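Undergrad: 3D, please:
(one chain, ligands or ions: 1)
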Amino acid sequence: MLILDGKTASNEIKTELKAIVQQFVLEGKRSPHLAAILIGKNSASETYVASKVKNCEEIGFRSTLIRFDENVAESELLQAIAFLNADPEVDGILVQLPLPKHISEQKVIEAISPLKDVDGFHPVSVGKLVQGLPTFIPATPYGIMLMLEHFSIETKGKHAVVIGRSNIVGRPMSILLSSNLKRGNCTVTLCHSHTPNLKEICLQADLLVAALGKPEFVKADMVKEGAIVIDVGISRVDDPTAKKGYRIKGDVAFAEVAPKTAAITPVPGGVGLMTIAGLLKNTLQAYTNSL
Ligand code: GUN
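TA: Reported below is the predicted structural model:
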């Protein structure tokens, strides 16, 4: 069984990106610039955004973090996005989700210029993805594709089962795996909360992507011997014995599932790190598109 280590895979990508940025800077150009907007005090979101900003700095990107109070008016947020859209020195814009209830996620996503949509959530980006056109791929599915590439995992002709149909992960993942790409060409089944016989379908998976957000949902009796398992879950589960009072758990019961698999991603240290790599690659793409 192979552990698909996100650290080595993401570090390799970051090293490549750092060298590319250094070359641009040597040529007298400015650095790529990611602007992140964080609203409220969601501690998981705080952690994710801090990690995105830190990773930008590590590879020589500029980053700007804009914070808003939980009660910010939707109009104020939309105005900030318009300002970033118009700034020629901002390449990528991301608004960390989830948003407070009084703000329309759809309005916010559609306010971001598709040219700077490094999360790949804008309907224009999604439409291009579906049609197989060059676009910004949502960072987590993109990171998973990069991981499959890093570990030379053959996907052609395999049955991929994706659990979860979110716009952020499951849906775009199902599109990528079914697309005519080097790490695509799978036959894909997209499962969700209304799927009957989920266990039977999972047992048919050569490649199983768990992205439903329920800690340790996927058990050993749902996984075929020799399958490849990608765990997208990052739930915080209370644990008074842990230093922070919680532990991060994936959607897969790793200890019992791992021995059955050909390859599996750990949590933490798997897909999460690849998500950042995907975001950084999108930001560099937005930058080079604008040159
Ligand atoms: N919340 C959870 N995942 C993501 C992501 O990839 N991008 C943004 N903006 N918010 C998220």
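
Undergrad: what about Ile37, neighbour count?
TA: Ile37 sits with 22 neighbouring residues when counted by other CB atoms under 10 Å. To be clear about C-beta, it is placed using only N, CA and C from the backbone, and glycine gets the same treatment.

Undergrad: Ok, Asn197 next?
TA: Asn197: 9 surrounding residues under other CB under 10 Å.

Undergrad: got it, and the one 5 residues further on?
TA: Around Cys202 there are 23 other residues, counting by other CB under 10 Å.

Undergrad: That one and the ligand, how far apart?
TA: 23 Å (CB to the nearest ligand atom, to the nearest Å).

Undergrad: That residue touches Lys219, doesn't it?
TA: No. The pair Cys202 / Lys219 is not scored as a contact, 9.5 Å apart, by CB atoms under 8 Å.

Undergrad: The spatially closest residue to Ser31 that is not a sequence neighbour and Val53: what is the separation?
TA: Among residues not flanking Ser31 along the chain, Arg62 sits closest, at 4.9 Å (CB to CB, 6 or more residues apart in numbering). Arg62 sits 10 Å away from Val53 when distances are taken as CB to CB, to the nearest Å.

Undergrad: now Arg171
TA: Where Val53 is concerned, Arg171 sits at a distance of 27 Å (CB to CB).

Undergrad: what's the answer for Lys281, then?
TA: According to CB to CB, Lys281 and Val53 sit 16 Å apart.

Undergrad: who has more neighbours, those two?
TA: Lys281 (21 against 17).

Undergrad: Give me the pLDDT value at the more buried one.
TA: Per-residue pLDDT puts Lys281 at 98.

Undergrad: Repeat that for Ile264.
TA: 98.

Undergrad: What number of residues are in the vicinity of it?
TA: Counted with other CB under 10 Å, Ile264 comes out at 25.

Undergrad: Also the one 4 residues further on?
TA: When neighbours are counted by other CB under 10 Å, Pro268 registers 15.

Undergrad: Wait, it touches Gly233, no?
TA: No. Using CB under 8 Å, Pro268 is not in contact with Gly233; the gap is 10.4 Å.

Undergrad: how near is Ala277 to the ligand?
TA: Ala277 is 12 Å from the ligand, by CB to the nearest ligand atom.

Undergrad: Helix, strand, or coil at the residue in the stretch 151-291 of the chain that the ligand sits nearest to?
TA: The minimum distance from the stretch 151-291 of the chain to the ligand, using CB to the nearest ligand atom, falls at Ile168 (5.1 Å). Going by DSSP: H, G, I helix; E, B strand; the rest coil, the secondary structure assigned to Ile168 is coil.

Undergrad: how much space between it and Gly233?
TA: For Ile168 relative to Gly233 (CB to CB), the value is 13 Å.

Undergrad: which residues touch the spatially most central residue of the chain?
TA: When CA atoms, centre = their mean is applied to the chain, the residue found nearest the centroid is Thr140 (1.7 Å). Applying CB atoms under 8 Å, 6 or more residues apart in numbering to Thr140 gives the contacts Ile168, Val169, Met173, Ala211, Val232, Val271, Met274, Thr275, Gly278.

Undergrad: nearest spatial neighbour of Glu57, skipping sequence neighbours?
TA: Using CB to CB, 6+ apart and skipping residues adjacent in sequence, the residue nearest Glu57 is Ser63, 6.5 Å away.

Undergrad: I meant to write Glu70 there.
TA: Gly40 (3.7 Å).

Undergrad: List the buried residues of stretch 164-174.
TA: For stretch 164-174, a neighbour-count test (16 or more other CB atoms under 10 Å) marks Gly164, Arg165, Ser166, Ile168, Val169, Gly170, Arg171, Pro172, Met173, Ser174 as buried.
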